[in-house]
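Student: coords please:
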Amino acid sequence: MRRYLENVTNMGTNVSVFMKKNKTIWQGKAAITASTALVDGDLAALAGTDTKAVTPIVGPAADKAVAKFNLENKLVLIGAQIAALGATNDDHTLEQQGDVSLAGLDKMKESDLLATATRIGALATTNITALADYGITAADVTELDGLATKFRGLQAAPRQAVVDRKKENAQLPPVGSHLLTVLRRQLDRQMLVFKQTQPEFYAGYLAARVIVDRGNPAKKKDTPPAPAP
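Tutor: Here you go, the predicted structure:
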């Protein structure tokens, strides 16, 4: 594997080390234990991968994929709290309006994803006072708007860049893809239970989850939730 897979592996290693150092905080949670075991298994498999077999692909398509990931996770974060507020108040309409998922968002057309961001932002603004009890502030709405704007600006990325991104994904060995899937679809979500109760631990996890381009350390290529509480 070349640079991209190396960066993914480095991130996964950082997460594994961080989780081991803080095991006393999460060790009683069976789901997190299972997810971390999957991460460690994938890292062990990647340790035997020929890292020079993958040609690195970087550019607008990669930036767009990261922007989409960040937008979707912020939407889930805010939407989940809107849905929780609706459930608390027996407001089933609000609950349904806020109930979005990563799987559902990922299948949306880009235009629909941006429309959803507008809708969730408006709902959050309307209910911002009540959402304070759920950890959502005006700053979160502002961040959501910024992420949507950034993603919208990257929609015009050249078609060739999109092809390059697909090529990069195809070249990422299945075990590397599985590692990212476990983190994004399982551990990132499971760690949300600590956002309010263990904020320093949660912030440390987010820091470990950042994929840094080792060829350009200043460029962060992937972040987990600023998803969701």
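
Student: per-residue confidence averaged over the helix or strand hosting residue 66?
Tutor: With secondary structure defined by DSSP states H and E, residue 66 is part of helix 60-88. Confidence for helix 60-88, expressed as mean pLDDT, is 88.

Student: list the helices and strands it packs on?
Tutor: Of the remaining helices and strands, those touching helix 60-88 by 3 or more Cβ pairs under 8 Å, 6 or more residues apart in numbering; DSSP states H and E are helix 92-98, helix 102-107, helix 110-126, helix 128-131, helix 138-153, helix 159-171, strand 220-222. Heads up, the C-betas are built off the backbone N, CA and C, glycines and all.

Student: does the residue located most distally from the centre of the chain count as helix, strand or coil?
Tutor: Counting by Cα atoms, centre = their mean, the extreme residue of the chain relative to its mean C-alpha position is residue 90, 29.4 Å from that point. The three-state label for residue 90, taken from DSSP: H, G, I helix; E, B strand; the rest coil, comes out as coil.

Student: change the start of the numbering to 895 and stick with it
Tutor: In the new count, where the first residue is 895, that last one comes out as residue 984.

Student: hang on, the earlier thing: which of the helices and strands packed on helix 954-982 sits closest to residue 901?
Tutor: Distances from residue 901 to each of the helices and strands packed on helix 954-982 were compared using Cβ to Cβ; the minimum, 6.5 Å, belongs to strand 1114-1116.

Student: now do the closest residue to residue 1019 other than its chain neighbours, the pLDDT please.
Tutor: In space, and not counting its chain neighbours, residue 1019 is closest to residue 1035: 5.7 Å by Cβ to Cβ, 6 or more residues apart in numbering. Residue 1035 carries a pLDDT score of 95 in this model.
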